[in-house]
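Engineer: fold the following and give me the result.
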Amino acid sequence: MEDIEESIVKLNDILENYLQNKFDRELVSHSLVYPSKLPTISPKDLEFPSPTNNNNNDKALYVIDIISGFYGKESGGNYGNIESVLEEEFNLNENEIDIIYLRAHITYTLMLHNKMVISVGKFLQDIVKVYNRRKSNIEENLFSITPENLKLEFNLSKTNLGHLFYNLYEVGIIAKDKTDTKDERTSLKNYINHANIFYLDKSTFTRAQKMTRAMPVQRNIDIKEIKKEIVFLNDLVEKLNDRIDSLTEIKDKKEK
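Structural biologist: Residues are numbered from 1 along each chain as shown. Coordinates of the predicted model:
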């Protein structure tokens, strides 16, 4: 879309110059190769379709309007009148008049081309809008099918819930995502935000959302936060050690 918008801007700039009879020789010279065999039809007689319908009957009027605009005149209404103006008021000979008609035809063709590009751009914009709207609806439906009666509650604060998932990620228990170079935990945080995961907020379980705050991109900066994370991990290790001791006791009994 950006390419089309840039093309429209350039075409409008060129068209504005053409309508003022300002033709850049370098811009058009590469396409104006003189033919080895002269054309049998004068530029004044070239047929071009109308931009408003499929009939060619009014093609001359558009060209005459353009020529009139070159010289700040109102449309002459037919070839004879405009040619008389060009001959009498501006002292143009027949060859010069042919060149003026040729320029008018080029301008007219550019007007049609510009209109087509704008139409194509609008058509593509409509496609993008429909695509984005349907994509949004699909994503919304995917999130809405999460069973509300299935949820996972953690006896942890939101901050400690972030510490838990962050450290499980860092030690490799949760597989790392290398596709996001800015923050490898983006997919993990998005999952937690949309999963039925709850943390303990005072005495009430609250659904985990906006986990970016609890799992920021930049970590290990604030000394207070580092100390809190160490306290959490020590507490977790202590509970895991208690669990190991309990399982070891069970194992020893069974081995006897």
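Engineer: residues touching the residue nearest to L110 when sequence neighbours are not counted, list them.
Structural biologist: Nearest residue to L110, sequence neighbours excluded (CB to CB, 6 or more residues apart in numbering): L15, at 5.3 Å. Glycine gets a C-beta too; all of them are placed from N, C-alpha and C. Contact partners of L15, counting by CB atoms under 8 Å, 6 or more residues apart in numbering, are T107, L110, M111, N114.
Engineer: same check, this time on Y18
Structural biologist: R103, I106, T107, L110.
Engineer: one more pass at 7 Å, please.
Structural biologist: I106, T107, L110 (CB atoms under 7 Å, 6 or more residues apart in numbering).
Engineer: mind giving me the packing neighbours of the host helix or strand of the second one?
Structural biologist: Right, T107. Here T107, judged by DSSP states H and E, is contained in helix 94-144. Helix 94-144 is packed against helix 2-19, helix 59-70, helix 79-88, with contacts defined by 3 or more CB pairs under 7 Å, 6 or more residues apart in numbering; DSSP states H and E.
Engineer: can I assume T206 sits in a strand?
Structural biologist: Yes. T206 forms part of a strand when assessed by DSSP: H, G, I helix; E, B strand; the rest coil.
Engineer: am I right that it is in contact with L161?
Structural biologist: No. With contacts counted by CB atoms under 7 Å, T206 stays clear of L161, the gap being 10.2 Å.
Engineer: who has more neighbours out of these two?
Structural biologist: Higher neighbour count among T206 and L161: L161, with 22 against 12, using other CB atoms under 10 Å.
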